[in-house]
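Novice: Could you work out the structure for the sequence below:
(one chain, ligands or ions: 1)
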Amino acid sequence: MSHGMSRPVVFVIDDNGAVVRTLRDHLSRRFGEDFRVIGQSSVTAGLSVLRDLAASGEPVALLIAGHQLSDMPGVDFLARAHELHPLAKRVLLVERDYSAQSPVVQAMTLGQADYHISMPWMLEQDLYRVVSEFLAEWANGQEAEFELFRVIGRRSDPGTHELRDLLTRFNVPFRFVEADSEQGRRLLESQGLDGSRAPVLIRHDGYTVVDPVAAQIVTAIGASASHEVENCDVVIVGAGPAGLTAAVYAASEGLQTVVLEESVSGGQAGSSPMIRNYPGFPHGISGHELTRRTCEQAWMFGAHLVFSQPVAGLGSPRGDHVVQLTDGHQIRARAVIIATGIAWRRLGVPRLEALVGSGVFYGSAGSEAAAMEGRDVFVVGAGNSAGQAALHLARYARQVTMLVRSGSLVRSMSDYLIRQIEATANIAVRLRADVIDAHGTEHLEALTVRDRTSGGCERVSAAALFVLIGGEPRTQWLPDTIQREQGYIMTGQDVVRDGAHPSRWPLDRAPLPLETSVPGVFAAGDVRYRSIKRVASAVGDGATVIRLLHEYLTTVVLEETAAGP
Ligand SMILES: Cc1cc2nc3c(=O)[nH]c(=O)nc-3n(C[C@H](O)[C@H](O)[C@H](O)COP(=O)(O)OP(=O)(O)OC[C@H]3O[C@@H](n4cnc5c(N)ncnc54)[C@H](O)[C@@H]3O)c2cc1C
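Specialist: From the prediction side, this is the model:
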């Protein structure tokens with residue numbers, strides 16, 4: 001790894017000089033080629049070193065601080081140091097104490113540290129493994145050194161936003177260049193373009209697409225946008241956590257599996273900057289990273305994943321199932337899993353809708369957050385997603401204001417998030433507030449916010465608005481035979497088995513759990529009636545549904561065939 005002139009710094013501070021020396025020696029031995037490890041045992045001297053590094057523009061990757069320094073608590077030191085080096089990851093050095101009183105529990109809950117290291121560390125290898133992970137996370141947030149793509153466009157143009165979002169979600173290193181900058185004009189000229197049509201995508205090998213549609217982007221990245229398969233065992237519709245997990249299990253258990261996804265893999269989870277409650281990741285994991293890994297795993301087991309391929313219909317003639325694609329093609333499958341999740345609800349303010357992608361963003365703060373540096377931004381919503389987005393944005397923005405319709409966050413948001421928000425100085429929460437209008441032509445400039453108690457309206461400057469207000473299940477494309485309640489798909493015991501409705505269950509046997517009102521068609525994840533709306537539950541559904549699908553294919557279908565019509 002080369003970082004221009006100087007190696008990025010790993011900074012260690014603790015009162016105990018022996019701890020600092022040992023840690024510095026261990027880390028230098030392992031990471032010294034790429035990182036400069038600096039150790040300090042005095043707060044004053046430590047802050048002075050960090051100030052000098054900031055002044056000379058030297059990057060700091062990790063700030064590792066003992067949890068109790070003589071002059072101040074470790075978290076306070078981390079806060080001061082982080083002001084100087086906002087991109088550094090903060091690590092608290094704590095005694096081995098797995099009780100709820102350990103200082104790391106509160107520090108993580110309040111977002112005062114990103115990671116921890118327990119002392120004494122038993123094996124050097126353990127230390128190397130965790131520090132490698134922290135450094136990899138830090139490196140992820142840096143400008144890519146190798147640019148697979150360059151995007152030339154105008155930041156306020158919705159097409160440019162869509163393109164950058166897609167590349168971010170595919171985890172593709174790219175650099176954005178303003179079309180009207182000198183460099184942008186030069187790059188366009190080098191491709192014989194005048195910039196009248198943007199955005200332009202240039203791959204490292206020179207392959208160039210002007211104003212690309214999603215399928216062109218997917219293909220340029222090297223993923224598949226065409227299905228090539230006419231028959232298979234199972235079609236999975238949707239590549240969020242539920243669909244991807246179902247694909248891992250289906251393919252690994254020998255089923256010929258096709259996944260059809262309207263956009264890119266990851267679903268809603270893919271747009272979540274940090275998921276803290278997914279088991280196995282004590283410091284949290286980005287939803288994007290989690291789903292990217294699952295996607296790769298499904299592919300390694302042999303699932304055929306097709307992106308940018310919306311499914312438009314489903315028919316079930318004579319026990320088989322036929323999935324209709326929007327391009328007119330069909331795929332026949334022995335079973336189908338619907339994992340299409342939910343779409344974010346819209347605010348329904350026309351001028352806001354016109355600015356979507358140009359300062360107004362639905363359901364995601366991931367790819368735009370860094371661009372909010374020093375700006376005033378707003379988040380509408382009161383659920384966990386809104387809370388997480390606000391916290392993520394607060395790392396970059398000058399001020400984040402949450403606009404909440406109800407009088408309190410308590411009923412809609414997890415307690416740990418509420419506490420983190422209260423502890424974050426640049427987040428304000430405005431309760432009983434509605435966004436009723438937006439201002440700006442090219443991009444969002446201001447909002448009109450109404451106070452629901454007094455009825456008074458106020459115009460506030462806003463660089464961006466992130467809307468996270470829940471959603472509608474994505475089931476409009478399904479036939480009437482699939483029973484639904486408020487759009488959510490009924491499965492298992494919830495399926496109504498009598499009555500004259502076209503969607504009643506047609507067989508004597510009861511539907512299997514997760515089976516819909518059409519035998520052999522299953523539903524998994526958020527789209528299911530009474531689903532939990534968590535990544536882990538979607539993953540659980542995805543794993544469970546394959547076991548049920550085997551039961552359907554091996555026992556139920558045989559019995560039904562033997563019994564005849
Ligand atoms: C910002 C944010 C933060 C969140 N944070 C957390 C958290 O911290 N912890 C947690 O547990 N949960 C969190 N959630 C909720 C979690 O992401 C969802 O519960 C989870 O993603 C549901 O997974 P799913 O596979 O059922 O559906 P989704 O993730 O919604 O995936 C559905 C997929 O189906 C595709 N699709 C839809 N219609 C079609 C069609 N007709 N044809 C083809 N494809 C289609 C969609 O494009 C999408 O990719 C968060 C959600 C968001 C948005």
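Novice: okay, and the helix or strand of the protein with the least pLDDT?
Specialist: helix 557-563 (a mean of 73; mean pLDDT, DSSP states H and E).
Novice: what about dumping the CA coordinates of that one to PDB?
Specialist: These are the backbone C-alpha positions of helix 557-563, laid out as PDB (Å, rounded to 0.1, in the frame of the first residue of the first chain):
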ATOM      1  CA  VAL A 557     -45.300 -33.000  -5.100                       C
ATOM      2  CA  LEU A 558     -44.900 -36.800  -5.200                       C
ATOM      3  CA  GLU A 559     -48.000 -37.300  -3.100                       C
ATOM      4  CA  GLU A 560     -50.000 -34.800  -5.100                       C
ATOM      5  CA  THR A 561     -48.900 -36.400  -8.300                       C
ATOM      6  CA  ALA A 562     -49.700 -39.900  -7.000                       C
ATOM      7  CA  ALA A 563     -53.200 -38.800  -5.800                       C
END
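Novice: after the helix or strand hosting residue 216, next one along is what?
Specialist: Following DSSP states H and E, one finds residue 216 within helix 214-221. Moving toward the C-terminus from helix 214-221, the next helix or strand (DSSP H and E) is strand 231-237.
Novice: Now look at that following strand and say if it contacts the ligand.
Specialist: Yes. Among the residues of strand 231-237, residue 237 lie within reach of the ligand under Cβ under 6 Å from any ligand atom. For every residue, glycine as well, the C-beta is placed using N, CA and C.
Novice: Skip ahead from that strand and say which helix or strand is next.
Specialist: As assigned by DSSP H and E, the chain's next helix or strand after strand 231-237 is helix 241-252.
Novice: and the direction of that next one versus that of strand 231-237, what angle?
Specialist: 160 degrees (axes from the mean of the first three to the mean of the last three Cα atoms, to 10 degrees).
Novice: Follow the chain on from helix 241-252 and name the next helix or strand.
Specialist: With DSSP H and E, the next secondary element past helix 241-252 is strand 257-260.
Novice: Show me what the following helix or strand past that following strand packs onto, helices and strands only.
Specialist: Next along the chain after strand 257-260, taking DSSP H and E as the criterion, comes helix 287-300. On a contact count with 3 or more Cβ pairs under 8 Å, 6 or more residues apart in numbering; DSSP states H and E, helix 287-300 meets helix 241-252, strand 304-306.
Novice: Please spell out which residues along helix 287-300 are buried.
Specialist: Residues 287, 288, 289, 290, 291, 292, 294, 295, 297, 298, 299 are the ones in helix 287-300 that count as buried (16 or more other Cβ atoms under 10 Å).
Novice: And stretch 148-164, by the same measure?
Specialist: Of the residues in stretch 148-164, 148-157, 159-164 count as buried by neighbour count, 16+ other Cβ under 10 Å.
Novice: ok, which residues in the chain are in contact with the ligand?
Specialist: Contacts of the chain with the ligand, taken as Cβ under 6 Å from any ligand atom, map to 237-243, 260-263, 267-269, 271-272, 275, 277, 310-311, 339-342, 363, 384-385, 388-389, 474, 477, 525-527, 533-536, 538.
Novice: Now do the closest residue to residue 399 other than its chain neighbours against residue 397, distance only.
Specialist: Closest residue to residue 399 apart from its sequence neighbours, by Cβ to Cβ, 6 or more residues apart in numbering: residue 376 at 4.7 Å. Residue 376 sits 7 Å away from residue 397, going by Cβ to Cβ, to the nearest Å.
Novice: helices or strands up against the helix or strand hosting residue 416?
Specialist: Taking DSSP H and E as the definition, residue 416 sits inside helix 415-422. Helices and strands touching helix 415-422, as assessed by 3+ Cβ pairs under 8 Å, 6+ apart, comprise helix 103-109, helix 384-394.
Novice: residues making contact with it?
Specialist: Outside helix 415-422, the residues within contact range by Cβ atoms under 8 Å, 6 or more residues apart in numbering are 109-111, 276, 384, 387-388, 390-391, 402, 409-410, 427, 429.
Novice: what comes up buried for stretch 330-348?
Specialist: Neighbour counts over stretch 330-348 (16+ other Cβ under 10 Å) mark 331, 333-342, 344, 347 as buried.
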